[in-house]
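*Asks:* Here is a sequence together with a model predicted from it:
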Amino acid sequence: MIGVGVVGYGYWGPNLARNIAAASGGRLVAVCDLLASRRECAGALYPGVALTGDYREVIANPAVDAVAIATPVSMHYELTMAALRAGKHVLVEKPLTTSSEQARRLRDEALRRRLVLLVDFTFLYAGAARKMRELIADESLGELCYYDAVRVNPGYYQSDMNVVWDLAVHDVSLMDFALPEKPVAVSATAACHSSDNIKSVAYLTFLFPGALLAHIHVNWFSPLKMRRTLIGCRNKLLAYDDLDACAKLKIFDMPALPREGSNGKSNGLGGEHCGNAIYAPALDTVEALQREVRHFFDCIEGRALPLTDAEMGVRIVTILEAVDASIEKNGAYVALESYSR
């Protein structure tokens, strides 16, 4: 039985604790949070669990084999490194750290100590994301043409990160997870709509080696909530809407490309101009975080290799740094020469 301590019981910590307590093969041993009121809530739900305001007590607890970290990203490096040095496996919220240098240090420490360091890209454990990856991998959709995502979250301003690190990280990680090709450069622009100078709206464009183009729009400054992703391929279009309770993933026929006439000019579309929905594939309904926690335990027990490992965590942070660099350069393309070093 794997004993787990949760550090951070604010927004995401309760979800981690719930799934850890319910998962077979593990047990919730301790919960840490600076606020006494949050610790009291955890104690009421999980009698017998050790409660503390000091993360060092969780790490030092001999009954704790692994630590789940759900704190602001600025604390990830210190807490994760402390847990690894104490010989604990770690599940840490995304993004892994605030810099790629810190992320590489954590990756190297976990490798050196042969410990599992899993980054909590929960979205990638959902049925829709896994199905998208499966469909793209079998190549029946045809050549990848574009990736287009809109992620709008009304009024949820973060104090320790901009909208790119808060929202775009989901789509950047989905691209890394589902697409076989990797981007070679990124251009980004952003704007601030608050007094703290934190970017609240951003537009990201990624260039790939071939004709594939990716665009991501993220926005805190909107009264609407949207979670939509389009992956256009030569034969089919994958349309993902996370807010659609009935059919999150739909597959459409793609319009035929224009035919070239004898005079060298376009001769109109070779088929129907508008694609029609073919079907909505069945998706498994297992809660993504439940699947991730079980996967974490399997990795610790040696039954699986981490799906969202530290190497992926390094890649994503490296890309987010490049996005910030492009924003500072007013949208100039920044090369993504290497994801990890």
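*Replies:* Received it, and whenever you're ready, just let me know what you need. Numbering: from 1, shown residues only.
*Asks:* Now for L212: which residues touch it?
*Replies:* Shown in contact with L212 (CB atoms under 8 Å, 6 or more residues apart in numbering): 144-147, 179, 181. Every C-beta, even on glycine, is put in place using the N, C-alpha and C of the backbone.
*Asks:* Distance to K88, neighbour count and secondary structure for the residues you listed - can I get that in TSV?
*Replies:* As requested, the contacts of L212 are exported to TSV (distance: CB to CB, whole Å; neighbours: other CB atoms under 10 Å; DSSP: H, G, I helix; E, B strand; the rest coil):
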residue	distance to K88	neighbour count	secondary structure
L144	40	22	strand
C145	44	17	strand
Y146	42	15	strand
Y147	37	24	strand
L179	33	20	coil
E181	36	13	coil
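*Asks:* so which of those comes closest to L106?
*Replies:* Nearest to L106 among the contacts of L212 is L179, at 25.0 Å by CB to CB.
*Asks:* Wait, that closest one touches A137, no?
*Replies:* No - assessed by CB atoms under 8 Å, L179 is found out of contact with A137, at 10.0 Å.
*Asks:* Below-threshold pLDDT in the stretch 201-341 of the chain: ranges please.
*Replies:* 256-277, 338-341 (pLDDT under 70).
*Asks:* since we're on F208, how many residues are nearby?
*Replies:* 18 (other CB atoms under 10 Å).
*Asks:* And for the one 10 residues further on?
*Replies:* The local packing count at V218 equals 26, with neighbours defined by other CB under 10 Å.
*Asks:* and it, what are its phi and psi?
*Replies:* phi -130, psi 150 (degrees, to the nearest 10).
*Asks:* who are the neighbours in contact with it?
*Replies:* Contacts of V218 by CB under 8 Å, 6+ apart are 151-152, 163-164, 166-168, 171, 201-202, 204.
*Asks:* What residue, apart from its backbone neighbours, is nearest it spatially?
*Replies:* Spatially, and ignoring its direct neighbours in sequence, V218 is nearest to L167 (4.0 Å; CB to CB, 6 or more residues apart in numbering).
*Asks:* next one: phi and psi at that neighbour?
*Replies:* Main-chain dihedrals, L167, degrees, to the nearest 10: phi -110, psi -50.
*Asks:* I'd like the numbering to begin with 54 instead of 1 from here.
*Replies:* Noted, 54 is the first residue going forward, which turns the last one into L220.
*Asks:* I'd like to know how many residues surround it.
*Replies:* 24.
*Asks:* what are the ranges of the strands in the stretch 104-253 of the chain?
*Replies:* Secondary structure of the stretch 104-253 of the chain (DSSP state E, counting those that start in this stretch): strands located at 119-122, 142-146, 170-173, 197-205, 238-245, 252-260.
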